[in-house]
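Visitor: pasted the sequence and its predicted model underneath.
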Amino acid sequence: MSYIPTREEIIEDHDNVVYERTCLLTDNALSYCPGCGHGTAHRLIMEVIEEMNLQADTIGVAPVGCSVLAYDFMNIDMQQAAHGRAPAVATGIKRLYPNKFVFTYQGDGDLAAIGTGETLHACNRGENITVFFVNNGIYGMTGGQMAPTTLPNMKTATSPFGRDTETMGHPLKITELVSHLPGTYFVSRQSVHTPANVRKAKKAIEKAIQYQKLNKGLCFVEIVSNCNSGWKMTPLESNKWMEENMFPFYPLGDIKVPK
Amino acid sequence: MTEEIIIAGFGGQGVLSMGKILAYAGMMQNKEVSWFPSYGPEMRGGTANVTVIISDERISSPILNKFDTAIILNQQSMDKFENSVKKGGVLIYDPNGIVRHPERTDINIYTIDAADEAAKLGFKKVFNMIVLGAFLKLKPLIEPEYMRKGLEKSLPLRHHGMIPENEKAIELGKSKVHEMLVLS
Amino acid sequence: MKDIRLMKGNEAIAEGVIRAGCDGYFGYPITPQSEVLEYLMATKTKERTGMITMQAESEIASIHMVYGGAAAGKRVMTSSSSPGISLMQEGISFMAGTELPCLLLNVVRGGPGLGTIQPSQSDYFQAVKGGGHGDYKMIVLAPASVQEMYDFAKLGFELAFKHRIQVMVLSDGAIGQMMEKVELDEQVPRWTDAEIVKMHPWATTGKTPDRERNIITSLDLNPVKQEIININLQKKFKHIEETEVRFERIMCDDAEYLFVAYGSSARICQKAVMLGRERGIKVGLLRPITLFPYPTHELAKLAKQVKGMLSVEMSAGQMVEDVRLSVNGAVPVEHYGRLGGIMPAPDEVLNVLENKFIKNKNYELHTH
């Protein structure tokens, strides 16, 4: 009679492992709301850094916003930058450590409102850094205020009757904008709300990290994400709303690829 | 010995560089020196002035309102600095373009027709060196060999070929300075 | 043979940082300090020592580039003049919160607002009392000569790394623009990346298996922890107050009256001391070299000796507050300042001292 292993033994048997959390994520519980895309984005970036064996060469820059505590979850050396300044901070690091892998992780308010100048100029100079841009069209951390990427007529805490583009301006397609600058090398927009999209996003992240070694310019990956809390929806509703409203305005796919 | 000098004129007359050459020469002769310029929009077409101090001792204030010598190269500077010359001090000016000549009787006043002399040479760039020659005739603080070193130090290498012309202009200035007779 | 040159203050500090082994300069042009960036660019720092010189898109970007480099353990700096330094306050506060070493240069011009490009000392409060948000101090060095502009580059980096603090060289348009003799010293080698890992174990140089990850952050949302962070910062400032005070006494030994002045005002007062002695007035000068930490004890000692102190600054009266705090009412303290970019003359400040303390009987009534 063959031996039947216990449940615990099956779990502990490493041959049975089909998926493991990357060791580049810490044991700290994520501070993001359940259903939010940030956790997946963190995981993908850390997985790729682990797979490329870059931990010892990586310096990350965290923004101000929901991901201000990114360094609590990413098991790499990190600096926390002032609001919007991450591309300048990353520039400082990369210029002094040209052989390290340097990236920023920023939200829409950080990257496309208060940090627009730093973003555009780092892109325009062609800094050899990688920018991960999570766009959920709202200020999540501060409680759901209007962001530069908030869609027309979208209701937020500071546009309670909907974003009136006449007085509040239009949503800023900063990813398209930076793709026109000669300093950017690879620009892509992805999402992480379905397994298929997660796989595509991971490919884009891989390229954005790989290409930094070429010293050909800045790599920029936008991840359009949901903010179920800020949008006041369930996670499922928010993903559906994102597909129906965000994607038509922020279409997914590579925007600029190396020739 | 401490000599406190103001050089003032139009931007473009070489006021700042004259001061610089003097300061460099002083330094090469192992003196303490300071060079404090007017700066900013004033320099662009307006008036320019520089305070140069050459001393055997550590220099206290590089910023002064009374001078041993004033070298004055336009009317605005005459109006501004005539009264800043210490009693018994020296005022050197180029009468070219001056409509109101100095009036003080308690200082020694000299003229140098530097603009005319430079025009005669057909080499307007040495204008400021002619003026500097006039100053050195009256205040021989710097030995000629150190003047040469000062020129070498302050002129960019590509202009070193012009050093003999500059030295000649300094000698010309020494011979062309005239004392104004003061009717007291 | 000694390497002696005639240099502008701005050029001298630029040469100074190169020779102090600086790794990176990030800056933005503004009068009257643009010569710093110009000199560094012209001298090809990358070829000379490997130092990076970069013109940023703004002062804000400059200070945050400095933040990034400092957080990775490098000797980095920026320079600007008053309006630009105001823009940098965000980054300076973040560096205070993360205890990052760096060298900052403010070649002060008159304000408020765009003000003037002429020399001023009206940024004393901003530099000494903490210009950005939060409870913090920087070490503030006040050069009074072109030689000190040069010397304070190396000293500034030494102090910055010794205490993990921001060091500001508080100069002004006069010191920045004037030329004096400068004696240069040997090149200090730049640190190698391996040396940085060894010397600055806190720096974000890439997480290796032999240590935990390094995090540079000023954020802690737990008030109990945040209070401890702040208490530790204050302990550091206290230690600096106890160990790093620097000043110069000029003819103080027999002085009956005292000028207190820093930077270019101190040079003017030095001449005024000489003129005063010629007039038979026993006057001296105390020149604070560090504005934080301030020479409080030295002034308290001198307060027992002199009949009056005149604080001379090109401001409406900023440092005079520290003079008054130092002497704590023991002796009359007056202020004299010129504003808007005007520099006082030596005889002008001497006349003020004479009028306030010697000729005016009212002041006699207040003396001991």
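Guide: Perfect, thanks for sending it.
Visitor: switch to C-alpha atoms for all contacts and neighbour counts from now on
Guide: Will do.
Visitor: quick check: mean pLDDT of the top helix by length along chain A?
Guide: With secondary structure taken from DSSP state H, chain A has its longest helix at helix A:195-210. For helix A:195-210, mean pLDDT is 98.
Visitor: mind listing what's buried in it?
Guide: For helix A:195-210, burial by neighbour count (16 or more other Cα atoms under 10 Å in any protein chain shown) applies to A:Val198, A:Lys200, A:Ala201, A:Lys202, A:Ala204, A:Ile205, A:Glu206, A:Lys207, A:Ala208, A:Ile209, A:Gln210.
Visitor: got JSON lines for these, with distance to A:Gly230 too?
Guide: Shown next, in JSON lines, are the buried residues of helix A:195-210 (distance: Cα to Cα, whole Å):
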{"residue": "A:Val198", "distance to A:Gly230": "22"}
{"residue": "A:Lys200", "distance to A:Gly230": "26"}
{"residue": "A:Ala201", "distance to A:Gly230": "23"}
{"residue": "A:Lys202", "distance to A:Gly230": "26"}
{"residue": "A:Ala204", "distance to A:Gly230": "27"}
{"residue": "A:Ile205", "distance to A:Gly230": "26"}
{"residue": "A:Glu206", "distance to A:Gly230": "30"}
{"residue": "A:Lys207", "distance to A:Gly230": "31"}
{"residue": "A:Ala208", "distance to A:Gly230": "29"}
{"residue": "A:Ile209", "distance to A:Gly230": "30"}
{"residue": "A:Gln210", "distance to A:Gly230": "34"}
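Visitor: for those, give me a markdown table that also has distance to chain C.
Guide: Output for these, formatted as a markdown table (distance: Cα to the nearest Cα, whole Å):
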| residue | distance to chain C |
| --- | --- |
| A:Val198 | 27 |
| A:Lys200 | 28 |
| A:Ala201 | 25 |
| A:Lys202 | 22 |
| A:Ala204 | 23 |
| A:Ile205 | 20 |
| A:Glu206 | 19 |
| A:Lys207 | 21 |
| A:Ala208 | 19 |
| A:Ile209 | 16 |
| A:Gln210 | 17 |
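Visitor: show residues contacting the helix or strand following the longest helix of chain A.
Guide: Tracing the chain C-terminally past helix A:195-210 and defining elements by DSSP states H and E, one meets strand A:218-224 next. For strand A:218-224, the external contacting residues (Cα atoms under 8 Å, 6 or more residues apart in numbering or on different chains) are A:41, A:122-123, A:126-136, A:175, A:183-192, A:201, A:204-205, A:208-209, A:211-212, A:246-247, A:250.
Visitor: now, those that are in strands?
Guide: When the contacts of strand A:218-224 are checked against strands (DSSP state E), the matches are A:130-135, A:184-191.
Visitor: and the strands in chain B, which stretches?
Guide: B:2-10, B:32-37, B:47-55, B:67-72, B:85-93, B:108-111, B:178-179.
Visitor: what parts of the stretch 51-200 of chain C come near chain B?
Guide: Residues of the stretch 51-200 of chain C lying close to chain B by Cα under 8 Å from any Cα of the partner chain are C:Ile117, C:Gln118, C:Ala174, C:Gln177, C:Met178, C:Met179, C:Glu180, C:Lys181.
Visitor: what about the third one, helix or strand, and which?
Guide: This points to C:Ala174. Per DSSP H and E: C:Ala174 is located in helix C:173-177.
Visitor: circling back to that earlier point, could you dump the ones in strands among the contacts of strand A:218-224 to a markdown table with distance to A:Leu69?
Guide: Formatted as a markdown table, those follow (distance: Cα to Cα, whole Å):
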| residue | distance to A:Leu69 |
| --- | --- |
| A:Thr130 | 19 |
| A:Val131 | 17 |
| A:Phe132 | 15 |
| A:Phe133 | 15 |
| A:Val134 | 14 |
| A:Asn135 | 17 |
| A:Thr184 | 27 |
| A:Tyr185 | 28 |
| A:Phe186 | 27 |
| A:Val187 | 25 |
| A:Ser188 | 25 |
| A:Arg189 | 23 |
| A:Gln190 | 23 |
| A:Ser191 | 21 |
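Visitor: about what we covered before: avg pLDDT for the helix holding C:Ala174?
Guide: Here the average pLDDT along helix C:173-177 is 97.
Visitor: using PDB, write out every CA atom in that helix.
Guide: C-alpha atoms of helix C:173-177 as PDB (Å, rounded to 0.1, in the frame of the first residue of the first chain):
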ATOM      1  CA  GLY C 173      27.000  89.000  -3.600                       C
ATOM      2  CA  ALA C 174      30.100  91.000  -2.500                       C
ATOM      3  CA  ILE C 175      32.100  87.900  -1.400                       C
ATOM      4  CA  GLY C 176      30.900  86.000  -4.400                       C
ATOM      5  CA  GLN C 177      31.800  88.600  -6.900                       C
END
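Visitor: centre of the chain to that helix, how far?
Guide: How far helix C:173-177 lies from its chain's middle: 14 Å, per Cα atoms, centre = their mean, to the nearest Å.
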